[in-house]
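Visitor: Model the structure of this input:
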Amino acid sequence: MHTPRGTVQGYNAQALVDAKRQVIVQAEAFGCGQDQDHVEPVIDGAKQNMQAIGHSDDYFREAILSADTCYHSSASIKKCEQEQIDAYIPDKEYRKRDPRFALSESSKARRRRQFSREDFRYEEETDQYICPQGKRLDHNTSKFRANGIIYKRYLAKATDCERCKVRQGCIKKRGAGKRKTLTIPVGTEGRNYSKEMAAKIDTQRGRKIYPRRIAIVEPVFANIRTQKRLDRFTLRGKIKVSIQWLLYCMVHNIEKIANYGYGFAGG
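Guide: Numbering: from 1, shown residues only. As a prediction, this is how the structure comes out:
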């Protein structure tokens with residue numbers, strides 16, 4: 001798993017939380033740090049939990065689900081559509097499109113200039129991109145697909161990037177490699193679930209619903225981590241770690257019952 005302190009071996013704890021009282025309705029620990037594959041098993045697990053207490057298979061039909069950007073994928077969106085769940089899972093560019101996150105002119109001036117895809121000029125005759133410093137990026141591989149979008153990848157020469165005076169404005173992430181990589185969308189295959197979700201998030205309803213996520217689920221993780229003191233798992237193996245995670249989630253839910261009474265989340 002990737003953390004602010006580097007990559008570590010660990011487990012990815014997931015929780016599906018009710019918006020009314022922050023009750024955890026499904027929880028599981030996974031051995032994969034990438035969240036985009038976790039929407040389907042979490043929804044399936046939540047359905048099983050609801051059926052176990054007497055609810056029908058379509059209990060979550062028309063329910064609203066919001067998840068963070070890292071859960072955005074065609075598979076996640078498609079799963080929600082199949083279950084008839086009204087999902088709001090933004091793509092990683094949504095903040096750039098939302099005027100509420102626009103930087104002031106003074107903030108823009110303080111930030112280091114970062115090059116965007118639009119700063120690279122395409123030369124059709126050679127099928128190359130030319131960077132702002134005049135260096136060429138060659139077409140590297142055949143087309144590849146991600147989330148229903150078809151891309152072409154272009155790479156700069158490592159020697160050009162190593163000597164570049166504006167390298168930090170082009171390769172801004174640590175560990176991103178020694179040379180610039182430019183991925184260009186060139187088409188789609190079938191339905192573009194990612195694009196459809198981006199359009200949904202950009203609606204007035206989407207911009208109203210999605211921000212509620214942080215007030216629903218983040219306090220749950222904060223409670224378990226800070227108040228219940230589960231800041232790291234003490235066991236190894238997915239089964240044991242999931243049991244430990246579920247026990248803490250149960251304690252969280254018992255606390256909710258103690259505060260609000262049994263059956264408070266009904267309706």
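Visitor: which residues touch the strand or helix carrying residue 241?
Guide: Take DSSP states H and E as the rule and residue 241 turns out to sit in helix 238-260. Helix 238-260 has contacts (C-beta atoms under 8 Å, 6 or more residues apart in numbering) with 11, 13, 15, 21-24, 27-31, 220, 223-224, 228, 230, 233-235, 264. No exception for glycine: its C-beta is placed from N, CA and C like everyone else's.
Visitor: so where do the strands sit in the stretch 1-150 of the chain?
Guide: For the stretch 1-150 of the chain, strands defined by DSSP state E, counting those that start in this stretch occupy the ranges 2-3, 6-7, 12-17, 24-30, 64-66, 86-88, 121-123, 128-130, 136-139, 144-146, 149-156.
Visitor: List the buried residues of the last one.
Guide: Buried residues in strand 149-156, counting neighbours by 16 or more other C-beta atoms under 10 Å, are found at 149, 151-156.
Visitor: That one pairs with which strands, and in what direction?
Guide: strand 136-139 (antiparallel), strand 144-146 (antiparallel), strand 181-188 (antiparallel) (DSSP bridges).
Visitor: Tell me the gap between the first one and the middle of its chain.
Guide: Counting by C-alpha atoms, centre = their mean, to the nearest Å, strand 136-139 is centred 30 Å from the centre of its parent chain.
Visitor: try the shortest one
Guide: Strand 144-146 has its average C-alpha position 18 Å from the chain's average C-alpha position, going by C-alpha atoms, centre = their mean.
Visitor: in it, what's buried?
Guide: Result for strand 144-146 [16+ other C-beta under 10 Å]: no buried residues.
Visitor: same deal with stretch 183-197?
Guide: Of the residues in stretch 183-197, 184, 192-195, 197 count as buried by neighbour count, 16+ other C-beta under 10 Å.
Visitor: what's the answer for stretch 158-172, then?
Guide: 160-161, 164, 167, 170-171.
Visitor: which of those has the weakest pLDDT?
Guide: Least confident by pLDDT among these: that is residue 171, with 75.
Visitor: didn't it look like it was pressed against residue 161?
Guide: Yes. Between residue 171 and residue 161 there is a contact under C-beta atoms under 8 Å: 6.6 Å.
Visitor: between the two, what contacts are shared?
Guide: 179-180.
Visitor: roughly how far apart are residue 59 and residue 248?
Guide: 25 Å (C-beta to C-beta, to the nearest Å).
Visitor: try residue 185
Guide: Residue 185 is 42 Å from residue 248, by C-beta to C-beta.
Visitor: same deal with residue 95?
Guide: For residue 95 relative to residue 248 (C-beta to C-beta), the value is 32 Å.
Visitor: who has more neighbours, those two?
Guide: A side-by-side neighbour count of residue 95 and residue 248, using other C-beta atoms under 10 Å, places residue 248 first with 20 against 12.
Visitor: Turn the buried residues of stretch 183-197 into TSV, columns for secondary structure.
Guide: What follows is the buried residues of stretch 183-197, written out as TSV (DSSP: H, G, I helix; E, B strand; the rest coil):
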residue	secondary structure
184	strand
192	coil
193	helix
194	helix
195	helix
197	helix
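Visitor: Sort those by pLDDT and name the bottom one.
Guide: Confidence by pLDDT is poorest for residue 192 among these, given 85.
Visitor: That residue contacts residue 149, correct?
Guide: Yes. Contact criterion C-beta under 8 Å: residue 192 and residue 149 qualify, at 6.6 Å.
Visitor: mind listing what residue 115 touches?
Guide: Each residue near residue 115 by C-beta under 8 Å, 6+ apart is listed here: 131-132, 166, 169-170.
Visitor: cool, and residue 124?
Guide: Residue 124 neighbours (C-beta under 8 Å, 6+ apart): none.
Visitor: how far away is it from residue 149?
Guide: Residue 124 is 21 Å from residue 149, by C-beta to C-beta.
Visitor: if we can go back for a sec, of the buried residues of stretch 158-172, which belong to helices?
Guide: Among the buried residues of stretch 158-172, the members falling in helices (DSSP state H) are 160-161.
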